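J.: Just to be clear, the model below is a prediction. Sequence and coordinates:
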Amino acid sequence: MQLEEYFNVLAPDEIRLEGTRIGIETILYEYIYRCKTPEEIAEQFHTVTLEQVYATILYYLHHRSQVDAYLADWLEFSRTMREEQQRNPSPARIRFCRMREENTPKQLQES
């Protein structure tokens, strides 16, 4: 099997593991930023095999500059989306926060 056959390139900014909904950014974030082993990653994501995790890491090592740019774009997009969600929370998020406040004992709210 060729290395590229492990991936489904949906768009330049969306590469998923073939047969899954898991993007390479998810696997690589765990590997690079959280220092998880391939075995830990495969255990964490039950729809991904250990072979697919190793293929993703090998793909990263073979295309490092392109994948680094891909990850930088993904991290920036994620940061922007978090900021947007904080500025404009969804109605469900607002309801959840209100329910949590209503159910929190007064002493915890004051401290």
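T.: Happy to help now that I have it.

J.: make it CA atoms for all contacts and neighbour counts henceforth
T.: Will do.

J.: which residue sits closest to Pro38 in space, ignoring its chain neighbours?
T.: Val53 (6.0 Å; C-alpha to C-alpha, 6 or more residues apart in numbering).

J.: Just the element for Val9, please.
T.: Assessed by DSSP states H and E, Val9 sits inside strand 7-11.

J.: quick revisit: assign the residue nearest to Pro38 to helix, strand or coil.
T.: With DSSP: H, G, I helix; E, B strand; the rest coil as the basis, Val53 sits in helix.

J.: so what's it up against?
T.: Remark: with contacts taken as C-alpha atoms under 8 Å, 6 or more residues apart in numbering, Val53 is in contact with Ile27, Pro38, Ile41, Ala42.

J.: Pretty sure the last one sits against Thr49.
T.: Yes. At 5.7 Å, Ala42 counts as touching Thr49 under the criterion of C-alpha atoms under 8 Å.

J.: tell me the mean pLDDT for the longest helix seen in the chain?
T.: Across the chain, the longest stretch assigned as helix under DSSP state H is helix 64-87. Across helix 64-87, the average pLDDT comes to 90.

J.: what residues does it touch?
T.: For helix 64-87, contacts defined as C-alpha under 8 Å, 6+ apart pick out Asp13, Glu25, Tyr60.

J.: Between the residues you listed, identify the one with the most neighbours.
T.: Within the contacts of helix 64-87, neighbour counts (other C-alpha atoms under 10 Å) peak at Glu25, which reaches 22 neighbours.

J.: That one and Pro89: what is the separation?
T.: Computed with C-alpha to C-alpha, to the nearest Å, the distance linking Glu25 and Pro89 is 25 Å.

J.: Equivalent analysis for Trp74, please.
T.: Note on Trp74: its distance to Pro89, by C-alpha to C-alpha, is 21 Å.

J.: In terms of packing, which of these two has more residues around it?
T.: Counting neighbours by other C-alpha under 10 Å for Trp74 and for Pro89 shows that Trp74 has the greater number, 16 against 13.

J.: So for Ala42 and Thr49, which sits in the more crowded spot?
T.: Ala42 (19 against 16).

J.: Distance check, the closest residue to that one other than its chain neighbours against Tyr6.
T.: Once flanking residues are discounted, Ala42 sits nearest to Leu50: 5.2 Å by C-alpha to C-alpha, 6+ apart. When C-alpha to C-alpha is the yardstick, Leu50 and Tyr6 sit 12 Å from each other.
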